[in-house]
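K.L.:
based on what follows, work out the 3D shape:
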Amino acid sequence: MSTDYKESIISSLDKLYEFEQEPVSENKLQPGRHFAGLFAGEHVAGTEFVIGAMFVAWGVRAYDIFVGLLIGNALAVLTWTLVCAPIAVGTRLTLYWYLRKIAGPVTTAIYNVLNAILFCILAGCMITVSASAVRIPFNIPAQTNWYPQDIRFVLVVIVVGAAVVTLAILGFKKLAQFASICSPWLLLMFVAGALVTLPAVAANTIGKAEITSWGQFWAIANNAIWVGRVPGGGKPITFWQVAAFAWICNLAMHGGLSDMALLRYARKIPYGLYSAFGMFLGHYLAWIAAGIMGAAAAIVLKTSIGELDSGAVAMQALGLSGIIAVVIAGWTTSNPTLYRAGMAFQAVTTGWPRWLVTLLAGVGTTAVACFPFVFTKLLQFVGYYGLLLMPVGAIVFTEHWIFPKIGFSQYWVSRKNLAVSWPALASWGIAIALALFLEQTGRLHLFYLFVPVWFLTTVLYIIFSWLAGAAEQLPVTAAAATVSAGSDPPQIRQQTDQTDDMVKENCKQSDPALMISKIIAIAMLGICLGAAVWVYVPGAEGYEQRLAGFKSMLIWPSVIYFVSGTIWAVRRDKTA
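P.N.:
Now for the predicted structure:
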């Protein structure tokens with residue numbers, strides 16, 4: 001490869017600028033549809049197959065699932081909207097750089113390295129989920145040990161990891177575009193999978209593969225899916241544990257403020273409500289659907305639901321399309337997760353471009369994904385991962401909102417030109433130590449630790465900062481100066497919204513291919529849903545034949561959807 005060609009590639013990559021160290025400019029703010037697609041794509045993911053089925057294995061009752069998840073996901077959406085979005089829109093910074101202003105470079109470096117490592121592990125888990133589906137057509141055995149047992153599995157992980165890293169390097173807009181194409185189809189696959197497998201559960205429960213009333217469904221749900229007892233014995237989790245898990249499942253992103261990296265592109269604070277597309281489609285509807293599919297797969301395959309991976313569950317319900325669904329679901333979660341990891345590492349390696357840092361992080365992530373132990377310990381990892389990072393979000397919240405109200409000097413660490421904030425490190429360390437003590441001694445469940453740890457961190461940080469001199473009246477230095485004017489003025493927002501409407505209308509009128517591709521994409525989704533309803537309709541006669549036919553034909557409208565959906569999304573955004 002010639003030197004000129006190498007320089008051309010590097011120059012092109014350097015243009016993938018993502019405002020790593022300064023506020024996002026007004027002309028780069030993104031419309032709401034990108035956030036709807038990104039949240040839905042990230043949270044309608046391969047892990048939903050795992051978590052939805054795990055609720056069944058945990059012995060949850062049907063009422064706990066339907067109502068507990070409703071409460072927990074609502075709390076998560078409110079946390080994004082009331083805690084994360086206001087700070088992200090007000091500063092237009094990533095958490096990784098705003099924390100540097102609050103707690104100094106040393107504290108920030110410690111946090112960023114820990115944060116990036118945890119994000120890489122999580123992204124690696126998503127790649128492993130995708131690989132668990134790809135292994136099935138190639139007859140690769142399930143990877144049950146902590147190390148890979150088949151070289152073909154490693155090759156699959158490398159291929160999937162390469163696709164994930166490429167999209168993460170391309171940046172926020174490409175991630176959002178990819179998610180907006182995938183998320184409608186992914187959600188439909190969960191719904192379709194639940195519809196076509198529910199008759200199998202009904203046949204095993206009430207003796208006929210048909211459900212003609214809500215009462216019948218509720219009886220099946222309580223007696224065959226969410227039965228309120230753990231297979232093999234054990235204590236089932238409770239209603240409030242279900243609600244708490246739904247709230248803390250993305251604790252690092254909302255309460256821990258990591259999603260400042262995404263929401264700094266939002267035009268206004270209410271864009272935090274777009275997180276509902278992820279929570280109620282992914283962590284409500286998809287978890288319920290996955291529970292139904294998991295219960296059905298366990299019945300058909302005559303095995304314990306705890307022994308099934310995502311690929312096996314999806315394959316049993318949707319055939320080849322199920323494998324594709326798990327692969328894409330893993331991509332749509334690992335892509336933004338690796339993007340966050342790259343942003344975190346870039347805040348430490350300040351002289352390196354984001355694309356290079358993300359590439360190196362992606363290599364490490366792919367290596368982690370080769371070891372299936374990450375996947376098998378997913379739920380425990382999610383709990384500890386959120387708990388470890390959340391206190392930093394409490395510190396930033398306290399400095400951003402509480403300090404100005406109690407007369408403390410905001411950004412006092414930067415004003416004193418300190419390299420490290422011992423109040424931040426002490427508050428973080430003490431809160432985590434207490435949390436681990438409470439959890440390990442059984443005094444408080446892991447899912448309940450979020451609220452007391454958040455308040456403890458807040459109180460400790462106020463006290464320690466007061467002792468360190470935060471209450472002094474300090475001069476404003478260049479390092480501590482406000483870096484953003486906050487959200488757009490109302491007149492600019494109104495003009496931007498009006499411009500968006502005009503662009504959309506002009507696109508429709510000037511580009512017939514845009515409308516045709518959109519109509520075809522919607523029609524293909526309708527065909528997929530119609531086929532699932534055709535399998536589900538009452539009548540046990542021919543159910544097995546209808547299910548087999550559904551699995552065979554589902555791949556074709558799915559392929560057409562992705563082709564037409566990609567054309568529509570690319571032409572729409574290119575014209576706009």
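
K.L.:
for Arg229, grab phi and psi.
P.N.:
The phi/psi pair for Arg229 (degrees, to the nearest 10) reads phi -150, psi 150.

K.L.:
apart from its chain neighbours, what residue comes closest to it?
P.N.:
Gly59 (4.8 Å; Cβ to Cβ, 6 or more residues apart in numbering). Placement of C-beta: from N, CA and C, glycine included.

K.L.:
can you get me a residue count around that neighbour?
P.N.:
18 (other Cβ atoms under 10 Å).

K.L.:
okay, now the unreliable bits of the stretch 151-300 of the chain?
P.N.:
Within the stretch 151-300 of the chain, the segments meeting pLDDT under 70 span 171-179.

K.L.:
which residues of it fall in strands?
P.N.:
Remark: no strands are assigned in the stretch 151-300 of the chain by DSSP state E, counting those that start in this stretch.

K.L.:
where's Ala76, which helix or strand?
P.N.:
Per DSSP states H and E, Ala76 falls inside helix 69-79.

K.L.:
the helix or strand just after that helix - what's its average pLDDT?
P.N.:
Next helix or strand after helix 69-79 toward the C-terminus (DSSP H and E): helix 85-91. Mean per-residue pLDDT for helix 85-91: 93.

K.L.:
longest helix anywhere in this structure?
P.N.:
helix 95-134 (DSSP state H).

K.L.:
my read is that Gly104 contacts Trp412, right?
P.N.:
No: with contact defined as Cβ atoms under 8 Å, Gly104 does not count as touching Trp412 (10.3 Å).

K.L.:
coming back round to it: go through the longest helix of the chain and flag the buried ones.
P.N.:
Of the residues in helix 95-134, 95-112, 115-134 count as buried by neighbour count, 16 or more other Cβ atoms under 10 Å.

K.L.:
how does the chain divide into domains?
P.N.:
Here the domain parsing of the chain from automatic domain parsing is 35-472, 488-576.

K.L.:
of all those domains, which one is nearest Lys28?
P.N.:
Nearest of these to Lys28, taken as Cβ to Cβ: domain 35-472 at 6.9 Å.

K.L.:
ends of the closest one, how far apart?
P.N.:
40 Å (Cα to Cα, to the nearest Å).

K.L.:
deepest-packed of the domains of the chain, please.
P.N.:
Compared across the domains of the chain, domain 35-472 shows the largest average neighbour count, a mean of 21 (mean count of other Cβ atoms under 10 Å).

K.L.:
give me the distance from that domain to the chain's centre.
P.N.:
Put simply, domain 35-472 sits 5 Å off its chain's centre (Cα atoms, centre = their mean, to the nearest Å).

K.L.:
where exactly do the helices run in the stretch 301-450 of the chain?
P.N.:
Counting by DSSP state H, counting those that start in this stretch, one finds helices in the stretch 301-450 of the chain at the ranges 310-318, 320-346, 354-369, 373-376, 378-397, 403-406, 412-415, 422-440, 450-467.

K.L.:
quick one, the second one and helix 95-134 angle?
P.N.:
Pointing back at helix 320-346 there. Here helix 320-346 runs at an angle of 150 degrees relative to helix 95-134 (axes from the mean of the first three to the mean of the last three Cα atoms, to 10 degrees).

K.L.:
ditto for the first one
P.N.:
Taking the same axes, to 10 degrees, one finds helix 310-318 and helix 95-134 inclined to each other by 60 degrees.

K.L.:
what packs against helix 310-318?
P.N.:
Helices and strands touching helix 310-318, by 3 or more Cβ pairs under 8 Å, 6 or more residues apart in numbering; DSSP states H and E, are helix 46-57, helix 95-134, helix 172-206, helix 287-301, helix 320-346.

K.L.:
could you point out the helix or strand that follows the helix or strand of the chain with the lowest mean pLDDT?
P.N.:
Scoring the helices and strands of the chain by mean pLDDT, DSSP states H and E places helix 3-14 at the bottom, with a mean of 45. Downstream of helix 3-14, the next assigned helix or strand under DSSP H and E is helix 32-43.

K.L.:
name the helices or strands packed onto that following helix?
P.N.:
Short answer (3+ Cβ pairs under 8 Å, 6+ apart): helix 32-43 packs on helix 172-206, helix 260-263, helix 275-280, helix 320-346.

K.L.:
could you dump the ones you listed to CSV with distance to Ile225?
P.N.:
Below are those laid out as CSV (distance: least, Cβ to Cβ, whole Å):
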stretch, distance to Ile225
helix 172-206, 6
helix 260-263, 34
helix 275-280, 20
helix 320-346, 19
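
K.L.:
now for these, which one comes closest to Ala76?
P.N.:
helix 275-280 (5.3 Å).

K.L.:
and the contacts of that closest one?
P.N.:
Identification of contacts with helix 275-280 by Cβ atoms under 8 Å, 6 or more residues apart in numbering yields 36-37, 39-40, 42-44, 73-74, 76-77, 80-81, 183, 246, 254.

K.L.:
also stretch 541-558?
P.N.:
By Cβ under 8 Å, 6+ apart, stretch 541-558 touches 185, 192, 196, 199-200, 203, 209, 318-321, 324, 524-525, 527-528, 531-532, 534-535.

K.L.:
about what we covered before: closest to Glu22 out of the domains of the chain?
P.N.:
domain 35-472 (7.6 Å).
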